[in-house]
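1. take this sequence and fold it.
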Amino acid sequence: MRRVLACLVSAGLLGAGLSAGMGTAFAQKTGEGAQEASRPAETAKERLDRLFSELKRERNEQAASRIADAIRAEWQRSGSATIDLLMQRAASAMPARKYDAALDFLDEVTVLAPSFAEGWNRRATVHYLKRDYGRSMTDIERTLRLEPRHFGALSGMAAIFKAYDNKQAALNAFERVLDIYPMLRSAQQEVSDLADALAGQGI
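-> Below you'll find the predicted structure:
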């Protein structure tokens, strides 16, 4: 279970020729810079789509972890100072095990920003820590409706299935995690352990 929880900047003609070449290179760079500046910036959705595509292709564990961190950072972007403040207060309450206080803040988040997936995911986490698995699963399902690629929420779902000793459902959930984030070692180990356990049961 700990493994599950633990599932987050390169004189003379010669001189004249060199100067001319440098000038040409500068002009080319300036032109390229102008072209890049004229391109529209990535939207949040485009940025996430790109990061998820990179995460699925990456086969270096550390590089994949950095991409996953970038995805988590994108998930945290609510676009609202009020929501950010409520999320920060909930995050501060959780290490102190002030779960009821954290839930008060997160309840407000889900009311004020029902389309903000991370609000539901964070509330699912608090319910899980309180061992209120039913409410946690409800919030996980809401998270996944908003962001089906949320590997954190899927890991939480798998952890709940494990808590209920539903090995097959847990295995299926961890396999979904690996389809999104193939290099997540903790999920790889869970899949291996669960597959072995199910094989031992003759399934």
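2. in three-state terms, label the residue most central in space within the chain for me.
-> Nearest residue to the geometric centre of the chain (Cα atoms, centre = their mean): R72, 3.6 Å. Secondary structure, DSSP: H, G, I helix; E, B strand; the rest coil: R72 is helix.
3. what about T138, how many neighbours?
-> 15 (other Cβ atoms under 10 Å). The C-beta positions use only the backbone N, C-alpha and C, and glycine is treated the same way.
4. for it, which residues are in contact?
-> A124 (Cβ atoms under 8 Å, 6 or more residues apart in numbering).
5. and it, how close does it get to S80?
-> 23 Å (Cβ to Cβ, to the nearest Å).
6. next one: V177
-> To S80, V177 is 29 Å away according to Cβ to Cβ.
7. okay, the two: which has more neighbours?
-> Using other Cβ under 10 Å as the criterion, V177 and S80 rank with V177 on top: 25 against 14.
8. does that one really touch Q188, like I thought?
-> No - in this structure, V177 is not within contact of Q188 by Cβ atoms under 8 Å, at 9.3 Å.
9. against A117, how distant is H150?
-> 6 Å.
10. pull up the overlap in contacts between those two.
-> In contact with both H150 and A117: 75, 143, using Cβ under 8 Å, 6+ apart.
11. more crowded one of those two?
-> H150 (25 against 21).
12. ok, and the closest non-adjacent residue to the more buried one?
-> Spatial nearest neighbour of H150, chain neighbours left out: T143 (5.4 Å); criterion: Cβ to Cβ, 6 or more residues apart in numbering.
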